[in-house]
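> Structure, please.
(chains A and B)
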Amino acid sequence: MSRFMYVLSFFLLLLFQVLVSKSIALWGIVTPMAYILFILILPFQMPKWQVVVLGFVMGISVDLFTGIMGQHAAASLLIAFLRTIIVSVIPTNIKFEDHLRPILWDMHFVWYFQYVLYLTLIHHVTFFLLDSMSVINLFIILGISLLNTVFTVLLIFVFQVIFFKPSSRY
Amino acid sequence: MRNLYEFIIKYIHVFLFIFLEITCFVFIYKSSSYRQWAFNVSSKEITGPVLKLRSTYREYIQLKKINENLLEENRKLLCVSYNRELQLLQTITVLDSTAKPMYEYQKADVVENTINLQNNYIVLDKGKKDGITADMGVISPLGIVGVVKDVSHNYSIVLSVLHKNFSISAKVNTSNVSGILVWNGKNHTKAQLKHISSIDNIQIGDTVSIQHSLIFPESYPIGTVDYINKQVKGGYFELDVVLFEKMDRINKVWIVKNNYTAEITKLKNSVEDE
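Next up is the predicted model:
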């Protein structure tokens, strides 16, 4: 995937988040945050500091459109930082060859599902906790996070199936 | 020295992460005090047109519902104006031609609205240039929606009823018992009426409306009593109120301007000063 494609996916995901995501609201409480897909698909070889910066930029761009400045940014910054740790933690027998990218078609389904699930969960719990800034309604906040996680993961997999294809060996 | 340099280069992502995360927290901390919303409002000046696009689309698919609401509102207005004329005919009154009406209303479109957070805000497409200022009430044809918190040139940010810091004085119509309406953050269709002194005449289904407010018209409807909580500490009771306005569907709202706010506040201050 060329650099241009990453830039394109950044803007498409941002537009999707701002224009479409809100309208998906089921029972009024679900807003899938599929824009984190941008952080998930960044190449394994990318320097860590670049991933962190891009995570922050993605989050703050979404913040410009919705809610309080810094909420989305803090959450997506956190997962951009934790990404490498999560990758090393999930048990696998895949050999991370150079041409492989963190997308569904290049990875085993089980590995990729865990990868997406953990990062989405961390992102959502952080986001909703930052919003409430208290633990009075802790279980409701966790419930909403879980519900949102289900839909975000679903949406991320749909995007993967539709828009991505396996990377070729050079 | 060379070691230190290498150490920094190696862990640059950790330092960057910590620095940016602190930046985020500063942003969040600043915007949670309401006078600091300026940055957020000005960012709406840039992103507003995009959000407007979305609300236009949503408005289109909700046209049927909006029409029904308008018809209902018109029906009520017809009743009121018809009765008013009858009254005027019966009693000859001398109207003060210089007196302004107590409340003036201005139409506004919802540009951005959330309901799934603990502190929800609404963005409206009217701002300073339309004469909107902070602390004006926002109502819909069905019920109350929120209070204007901050304005920019073209947009205004509204503290939704679904916000931890929203509170308004309200009464139960049938028994005239009053309390304070707040939201506990659990269900976006229900608010809570606290500090109720007696529940003798209150029944489920009674209407709850505004009382003694400077920002909302007197007796404007809020919702109906859904549940009476008798197990509250401190000798007061608490009611669950189902809001008339479905907060996830608001689209067209009215901003309420009270022409006498300044006069009343001045009067209040003069009493307090003594």
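
> other SSEs contacting the helix or strand where A:Phe127 lies?
In the assignment (DSSP states H and E), A:Phe127 maps to helix A:109-132. On a contact count with 3 or more CB pairs under 8 Å, 6 or more residues apart in numbering or on different chains; DSSP states H and E, helix A:109-132 meets helix A:37-40, helix A:71-89, helix A:138-163. Yep, even glycine has a C-beta here, placed from its N, CA and C like the rest.

> now it, how far from the centre of its chain.
8 Å (CA atoms, centre = their mean, to the nearest Å).

> and the stretch 1-150 of chain B, which residues reach chain A?
By the rule CB under 8 Å from any CB of the partner chain, the part of the stretch 1-150 of chain B lying against chain A is B:12-14, B:16-17, B:20-21, B:23-28, B:30-32, B:39-40, B:43, B:46-47, B:50-51, B:53-54, B:57-58, B:112, B:114-119, B:121.

> and those residues, which are buried?
B:13, B:16-17, B:20-21, B:23-24, B:27-28, B:30-31, B:40, B:43, B:47, B:51, B:54, B:112, B:114-119, B:121 (16 or more other CB atoms under 10 Å in any protein chain shown).

> What about these, which are in strands?
If you go by DSSP state E, these have B:Glu112, B:Asn119, B:Tyr121 in strands.

> What residue in the stretch 151-274 of chain B comes nearest to chain A?
B:Asp248 (3.7 Å; CB to the nearest CB).

> Let's see which of the buried ones among the residues of the stretch 1-150 of chain B next to chain A end up in helices.
Using DSSP state H, B:13, B:16-17, B:20-21, B:23-24, B:27-28, B:30-31, B:40, B:43, B:47, B:51, B:54 are the members of those that sit in helices.

> Of those, which one scores lowest on pLDDT?
The member of those with the lowest pLDDT is B:Asn40, at 57.

> mind checking how far the residue in chain B that chain A sits nearest to is from B:Val111?
Going by CB to the nearest CB, chain A is nearest to B:Phe27 of chain B, at 3.2 Å. Distance of B:Phe27 to B:Val111, given as CB to CB, to the nearest Å: 21 Å.

> try A:Val110
Applying CB to CB to A:Val110 and B:Val111 gives a distance of 43 Å.

> These two: which is more packed in?
For A:Val110 versus B:Val111, the count of surrounding residues by other CB atoms under 10 Å in any protein chain shown is larger for B:Val111: 24 against 11.

> Low-confidence ranges, the chain, go.
Unless you meant another one, I'm taking chain A. For chain A, residues meeting the criterion pLDDT under 70 lie at A:1, A:22-28, A:67, A:168-170.

> try chain B instead
Looking at chain B by pLDDT under 70, you get B:31-46, B:78-79, B:81-101, B:274.

> Break it down into its domains, please.
B:2-32, B:44-91+B:98-260 (automatic domain parsing).

> wait, A:Leu129 sits on A:Ile144?
No: in this structure A:Leu129 lies outside contact range of A:Ile144 using CB atoms under 8 Å: 10.6 Å.

> who's more crowded, those two?
Set side by side, A:Leu129 and A:Ile144 show more neighbours around A:Ile144, with 23 against 17, by other CB under 10 Å.

> check contacts around that one.
Shown in contact with A:Ile144 (CB atoms under 8 Å, 6 or more residues apart in numbering or on different chains): A:Ile29, A:Phe128, B:Asn116.

> Dump those to JSON lines, plus distance to B:Asn154.
Rendered in JSON lines, the data for the contacts of A:Ile144 read as follows (distance: CB to CB, whole Å):
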{"residue": "A:Ile29", "distance to B:Asn154": "30"}
{"residue": "A:Phe128", "distance to B:Asn154": "30"}
{"residue": "B:Asn116", "distance to B:Asn154": "26"}
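
> What is the nearest of those residues to B:Val151?
B:Asn116 (25.1 Å; CB to CB).

> Find the residue closest to the closest one in space, skipping its chain neighbours.
A:Ile29 (4.4 Å; CB to CB, 6 or more residues apart in numbering or on different chains).

> And the one you found, how far from A:Phe151?
10 Å.

> The closest residue to B:Ile204 other than its chain neighbours: neighbour count?
Excluding the flanking residues, the one nearest B:Ile204 by CB to CB, 6+ apart is B:Val225, at 5.5 Å. The tally of other residues near B:Val225 (other CB under 10 Å) stands at 21.

> Could you tell me whether B:Val225 really is in a helix?
No: using DSSP: H, G, I helix; E, B strand; the rest coil, the assignment for B:Val225 is strand, not a helix.

> got the contact list for it?
B:Val225 neighbours (CB under 8 Å, 6+ apart): B:Val172, B:Leu193, B:Ile202, B:Gln203, B:Ile204, B:Gly205, B:Asp206, B:Thr207, B:Val208, B:Leu239, B:Asp240, B:Val241.

> Is it possible to mark the buried ones in these?
B:Val172, B:Leu193, B:Ile202, B:Asp206, B:Thr207, B:Val208, B:Leu239, B:Asp240, B:Val241.

> taking the residues you listed as a set, which two sit the farthest apart in space?
That would be B:Thr207 and B:Asp240, which, of those, are the farthest apart (CB to CB) at 14.0 Å.

> got the contact list for the residue nearest to A:Asn137 when sequence neighbours are not counted?
Nearest residue to A:Asn137, sequence neighbours excluded (CB to CB, 6+ apart): B:Gly185, at 4.9 Å. With contacts defined as CB under 8 Å, 6+ apart, B:Gly185 is in contact with A:Ser132, A:Ile136, A:Asn137, A:Ile140, B:Gln118, B:Leu162, B:Lys164.

> If I follow the layout properly, the third one ends up in contact with B:Gln118?
It refers to A:Asn137. Yes: A:Asn137 lies in contact with B:Gln118 (CB under 8 Å); the separation is 6.8 Å.

> near chain A, which residues of the stretch 151-274 of chain B show up?
B:Asn184, B:Gly185, B:Lys186, B:His188, B:Met247, B:Asp248.
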